[in-house]
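Asks: build me a structure from this.
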Amino acid sequence: MFFDYTYTMIFRYISYFIDDRELCKDVISDIYLYLWQNRKKLPEMQQYENYLFICARNQSLQYIKEACRYQKVRLEDADMSFLCDKTNPEQKALDDELKDIIELAINSLPPRCRLIFFMVREENMTYKEVAEVLSISHRTVHAQMCIAIKKVGEIVKEYRSGININEQIKV
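Replies: Just a heads-up that it's a prediction; the model follows:
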């Protein structure tokens, strides 16, 4: 009854913070999970609707904070024109080499991490969708993406600093 009574108004409230309907549903699920885990405290509350709105606001802001920290950019969509001068064959060769290094770095990821990275970056799946397909939590997907991005970033950084990448990647 509590869920039925409060869902619509919480959904409307969260939609002021977050535009994406699916993400709103995720936030609401997290809120109700939190409330269920702390259900023994609910009878003590006199203003449970206020508490629910505070939970909704805090959870929405947390999702927004995470989304800002980890924005998705596909490699193909990234504007890399600043990297190369089309008239300079040497720069074009360096850019092609950088793309090859990135591809090698992705291929050097552990199989599960590489699969998750591919599903999120190339298939444009959300963390939730990947989690459902692989039967894992969305937090695990998030952690694996952090690992993948960190490793690829480290390899690109080493490439730019001139370290022998083949030794790092173990080609």
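
Asks: so where is this protein shaky, pLDDT-wise?
Replies: 68-87, 163-171 (pLDDT under 70).

Asks: now the helices: where do they sit in it?
Replies: Using DSSP state H, the helices of the chain run over residues 2-15, 21-37, 48-69, 89-107, 111-121, 127-134, 138-161, 165-169.

Asks: dump those to TSV, plus mean neighbour count.
Replies: Quick note: C-beta positions are derived from backbone N, CA and C, even for glycine. Formatted as TSV, those follow (neighbours: other Cβ atoms under 10 Å):
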stretch	mean neighbour count
helix 2-15	14
helix 21-37	16
helix 48-69	14
helix 89-107	14
helix 111-121	17
helix 127-134	17
helix 138-161	16
helix 165-169	14
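
Asks: separation between the closest residue to Y13 other than its chain neighbours and R21?
Replies: Spatial nearest neighbour of Y13, chain neighbours left out: A56 (5.5 Å); criterion: Cβ to Cβ, 6 or more residues apart in numbering. According to Cβ to Cβ, to the nearest Å, A56 stands 15 Å off from R21.
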